[in-house]
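K.L.:
any chance you could fold what I've pasted below:
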Amino acid sequence: TNGLLKGLGNIFYYSVPIIMTGLSIGFAYKAGEFNIGASGQYTMGAITAIYVAILGEPLFGNSTWLFAVILGTISGGIWALAAGLLKVYRGVNFVISGIMLNYIGIFVVNLMIKSSERIYDKSRNWTQLIPDNTIIPRLGLDKIFGNKPVNIGFILVILSAIIIYFVLKRTILGYEMKACGLNAEAAGYAGINVKKSV
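P.N.:
Just a heads-up that it's a prediction; the model follows:
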């Protein structure tokens, strides 16, 4: 059972970014868009979270992990916003702009890491370690699963899935977004602001 719990803990730990990225794709898909730019958004969010975790400790103290998560989320959202704005105001296909932004994001992140001495140690060819007190809290999950990296990330994933379900199924915003995804012209005729939904 110890090995099984440890394996389960590994699954929980490593699946968090994949599930969160999948939720972003699923949310956009329900609204009628194919978010192929999710990997670029994930990359931009990840580099922001890393910068905050490594450099933000003197500023944020023990709540650095929370700021890293929030600012990483905002950063990924801003990267997605670029594709949304291109679609709304220039009519650029969301798939094309998403793919292009993926590559731009990857190259920007690579450049940021390689050019930052505070983040990247050139002599050892690796990125710096994140300070222990900036790591997402474990709340005893590491002891339950006998696995050090397990943290509350999986709980945050479950909460995010519930929030997304609630927004799509129980709010006016979710209804409008789904309506625009099904038929933007009919939604606009019904009085829904299609540009806002996109």
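K.L.:
strands of this structure, start to end?
P.N.:
Taking DSSP state E as the test, the strands found in the chain are 120-121, 126-127.
K.L.:
determine which of the ones you listed approaches residue 3 most closely.
P.N.:
Among the strands of the chain, strand 126-127 comes nearest to residue 3, with 29.3 Å by Cβ to Cβ. No exception for glycine: its C-beta is placed from N, CA and C like everyone else's.
K.L.:
residues in contact with residue 40?
P.N.:
79, 98, 101-106 (Cβ atoms under 8 Å, 6 or more residues apart in numbering).
K.L.:
of those residues - the most surrounded one?
P.N.:
residue 98 (27 neighbours; other Cβ atoms under 10 Å).
K.L.:
and residue 168, how many neighbours?
P.N.:
17.
K.L.:
same question for residue 84.
P.N.:
21.
K.L.:
just to revisit the earlier point, tell me which of the strands of the chain sits most buried.
P.N.:
Most buried of those, by mean neighbour count (mean count of other Cβ atoms under 10 Å): strand 120-121, with a mean of 14.
K.L.:
just checking: what are the partner strands of it?
P.N.:
strand 126-127 (antiparallel) (DSSP bridges).
K.L.:
what residues sit buried inside the helix ranked longest in the chain?
P.N.:
Using DSSP state H to define each element, the chain has its longest helix at helix 2-30. Buried residues in helix 2-30, defined by neighbour count with 16 or more other Cβ atoms under 10 Å: 9, 12-13, 16, 19-21, 23-28, 30.
K.L.:
what about residue 6, distance to residue 40?
P.N.:
33 Å (Cβ to Cβ, to the nearest Å).
K.L.:
kindly report the same for residue 81.
P.N.:
Residue 81 is 12 Å from residue 40, by Cβ to Cβ.
K.L.:
in stretch 184-198, what counts as buried?
P.N.:
Applying 16+ other Cβ under 10 Å to stretch 184-198 flags 184, 187, 192, 194, 197-198 as buried.
K.L.:
narrow these to those in helices?
P.N.:
Per DSSP H, the buried residues of stretch 184-198 map to helices at 184, 187, 194, 197.
K.L.:
between the contacts of residue 40, which is nearest residue 179?
P.N.:
Looking across the contacts of residue 40 and measuring by Cβ to Cβ, the closest to residue 179 is residue 98, at 22.3 Å.
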